[in-house]
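# Provided below for reference: sequence and predicted model.
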Amino acid sequence: MTHTLSILIPLFNNSHDLLKSLQSIRSSLESCSNIGEIQVVIKEGSSSIENIRLTKQYLAMFANTLSIRYYQSPDSGVYDAMNTMLNLAQGQWYLFLGAGDLLKENYFDIVLPTLCSATAKYILYNVDLLRRGKIYNNNPSTLNIALKNFCHQGILYHKSVFHPGNSAALDQHYDLQYPVKSDYAFHICNYNQILRLSTYIPESILVYDDTSGLSKSLNDWRFELHKPFLVMRFVSIRKSIVALAFFLLMIPSRLKRLTLPTIL
């Protein structure tokens, strides 16, 4: 069965937050005439037995109201799980959510008409930051990719971004050498396409749970070192200088958070 949108949620030991996200999806779908347009794909890694039990218990609560595909198997981290879900999703568009992220009640009212008429490959919109109480501006025409990533949850990707033609194989995927910021690397590599082939919705229609997550506890030193060169190759030399300067300025604060690992 083909869906309009697949919502992809990687999961690891946070079943309670998953419940919040599923509740927000169901609430936002209440105004939709055809809930079959939306598919939810969940890939759970090597969570504890208790968390896996809770996940299955929570999924049973939505069996009659959401179209859910659930898979549980070991993986090499969040981006490995995301690559797996890209091969499992049946939607024409993809949205990546973290467990704990919330769709606002008007999410599908705004998004679905845009998806059905869009000629773009990317749909971007703003998001609320839960912890900081601010709005993250995801406007591609004003965001400086050398300094700031797009909010991953604030982008809808057409399946053709990842799958060439009608092939089931992945043409592009998240690079596993970047365990924390592979989505940032992906956005840099596709930056010019995002600028040319995107539609921007100037509204905040999702709440991003920025209270936890990989970026709060881990550094991605390999990505930080590679970023100026990625920006130089895929964006511009001028912005790569900005990225390098930013990296050098951030080294002291990053060293306080984590000991520099062996990366070469």
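That came through fine.

# so who does T84 touch?
The neighbours of T84, taking CB atoms under 8 Å, 6 or more residues apart in numbering as the test, are K43, Y71, D75. C-beta: built from backbone N, CA, C; applies to glycine.

# isn't there a strand covering K43?
Yes: the assignment for K43 (DSSP: H, G, I helix; E, B strand; the rest coil) places it in a strand.

# Can you name every helix or strand that the helix or strand containing F223 contacts?
Using DSSP states H and E, F223 maps to helix 221-234. Secondary-structure packing of helix 221-234 (3 or more CB pairs under 8 Å, 6 or more residues apart in numbering; DSSP states H and E): helix 182-189, helix 237-257.

# Quickly, which of the ones you listed bottoms out on average pLDDT?
Among the helices and strands packed on helix 221-234, helix 237-257 has the lowest mean pLDDT, at a mean of 67.

# picking that back up, may I see the ChimeraX selection of the buried members of the contacts of T84?
To isolate the buried members of the contacts of T84 in ChimeraX, using 16 or more other CB atoms under 10 Å:
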select :43,75
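
# and which of the contacts of T84 is nearest S198?
Set against S198, the nearest of the contacts of T84 by CB to CB is K43 (26.3 Å).

# Pull out the buried residues from the helix holding F223.
W221, R222, F223, E224, H226, K227, P228, L230, V231, M232, F234.

# Out of the residues you listed, flag the one nearest to L5.
Looking across these and measuring by CB to CB, the closest to L5 is F234, at 27.4 Å.

# Would you confirm that that closest one contacts I194?
No: counting by CB atoms under 8 Å, F234 stays clear of I194, with 10.7 Å between them.

# Quick check: the gap between I194 and C32.
27 Å (CB to CB, to the nearest Å).

# Can you show me the helices along the stretch 101-250 of the chain?
With helices called from DSSP state H, counting those that start in this stretch, the stretch 101-250 of the chain shows them at 107-117, 182-189, 191-196, 214-217, 221-234, 237-257.

# what's the most buried one of these?
Most buried of those, by mean neighbour count (mean count of other CB atoms under 10 Å): helix 182-189, with a mean of 22.
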